[in-house]
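Participant: curious how this folds, go ahead:
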Amino acid sequence: MHKFFTFFKKDNEITYPIELENSYKVLKKNIGVGSFAVVKECIDKKTGESYALKILTKKSIKGRENLLDTELGVLKKVDHPNIVKQKDLYESKEGVFIITELASGGELFNQLLLKGSYTERDAANLVKQILEGVAYLHDHEIVHRDLKPENLLFKDKTDNAKLMITDFGLSKIMKDDNDILMTACGTPGYVAPEILLQTGHGKAVDIWSLGVIAYILLCGYTPFWGEDQVTLFENIKAGIYEYEEDYCKRLN
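Facilitator: From the prediction side, this is the model:
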């Protein structure tokens, strides 16, 4: 990320493609920052609608172009209410500029930090939305492979805001239902045991991650824990998890 910011600060503001500037007004403030990208808000000059502009410099993604190719490949294929949708795409010598729906409500992760946990009714509503998005991806032979609260965005700040899946850099478009994936990927704490065991994996890894997310929504913390990453992964492979006894008593 340091490399990305060094490049960004050196040039002060990256030069946008003229086609982009003709169609959109880009606001200066960053609304999101990742390892390889900065996200800004932009406004369609014709409609006045706001969108998100994801800026990736080619220097920052050098050697990882496959992540960008994967994300663009997925975004071209998807069109679902619970998946962030691409609107436009621009490229210059310096970078790639992806314009998508604006999710002004922020990450589910940040809402969890504020709330601590959700009621069963609210958690069920959120899980249902994620499931609908995941089902759509799987119907189109796409495995996300990195589902987590940071990659789930609220459309706006209203109480009943729509939840949308984003960040497809680690996703995989499968050839068919029998396609077996072998590449280790994901985020510690959410990764499925078959990925850690490297026995081959498929769509089921998204359902595992969704189960972890559902647990966190209800309890406020992850089911799997370890003093270090090795222990964490051993607990995931063995299915050893912790739960809040008081919560289970309430269910009974």
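
Participant: and for C219, the neighbour number?
Facilitator: Counted by other CB atoms under 10 Å, the residues lying close to C219 total 18. Where you see a C-beta, it was placed from the backbone N, CA and C, and this is true even at glycine.

Participant: same question, W225
Facilitator: When neighbours are counted by other CB under 10 Å, W225 comes out with 14.

Participant: now do the one 10 residues further on
Facilitator: In terms of burial, N235 registers 17 neighbours under the definition other CB under 10 Å.

Participant: do the one 5 residues further on as well
Facilitator: Other residues lying near I240 total 13 when counted by other CB under 10 Å.

Participant: can you give me the helices in the stretch 51-200 of the chain?
Facilitator: Remark: helices of the stretch 51-200 of the chain, listed N- to C-terminal, are 65-77, 108-115, 120-139, 193-197; assignment by DSSP state H, counting those that start in this stretch.

Participant: now the longest one, how far from the centre of its chain.
Facilitator: If I follow you right, that is helix 120-139. Counting by CA atoms, centre = their mean, to the nearest Å, helix 120-139 is centred 14 Å from the centre of its parent chain.

Participant: how about the last one?
Facilitator: Going by CA atoms, centre = their mean, the spacing between the C-alpha centre of helix 193-197 and its chain's C-alpha centre is 20 Å.

Participant: which positions in that helix come out as buried?
Facilitator: Neighbour-count burial for helix 193-197, counted by 16 or more other CB atoms under 10 Å, picks out 193-196.

Participant: same question, the first one
Facilitator: Neighbour counts using 16+ other CB under 10 Å place 67-68, 70-71, 74-75 of helix 65-77 among the buried residues.

Participant: same list (the residues you listed) but as JSON lines, adding pLDDT and distance to D139.
Facilitator: Output for the buried residues of helix 65-77, formatted as JSON lines (pLDDT from 0 to 100; distance: CB to CB, whole Å):
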{"residue": "L67", "pLDDT": "82", "distance to D139": "23"}
{"residue": "L68", "pLDDT": "87", "distance to D139": "24"}
{"residue": "T70", "pLDDT": "87", "distance to D139": "18"}
{"residue": "E71", "pLDDT": "89", "distance to D139": "19"}
{"residue": "V74", "pLDDT": "92", "distance to D139": "13"}
{"residue": "L75", "pLDDT": "92", "distance to D139": "16"}
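
Participant: what's the closest of those residues to G226?
Facilitator: For these, the closest approach to G226 (CB to CB) belongs to L67, at 27.2 Å.

Participant: got a list of what that closest one touches?
Facilitator: Residues in contact with L67 (CB atoms under 8 Å, 6 or more residues apart in numbering) are 36, 61, 169-170.

Participant: which pair of these spans the longest distance?
Facilitator: Greatest spatial distance among the contacts of L67 (CB to CB): I61 and L170, at 13.9 Å.

Participant: what's the burial count for V26?
Facilitator: Here the number of neighbours of V26 (other CB under 10 Å) works out to 17.

Participant: kindly apply the preceding question to C42 instead.
Facilitator: 24.

Participant: if I look at it, how far off is A124?
Facilitator: To A124, C42 is 35 Å away according to CB to CB, to the nearest Å.

Participant: what comes up buried for stretch 158-177?
Facilitator: Buried residues in stretch 158-177, counted by 16+ other CB under 10 Å: 161, 163-172, 174.

Participant: looking at the buried residues of helix 193-197, spot the one nearest Y16.
Facilitator: For the buried residues of helix 193-197, the residue nearest Y16 by CB to CB is I195; the value is 38.0 Å.
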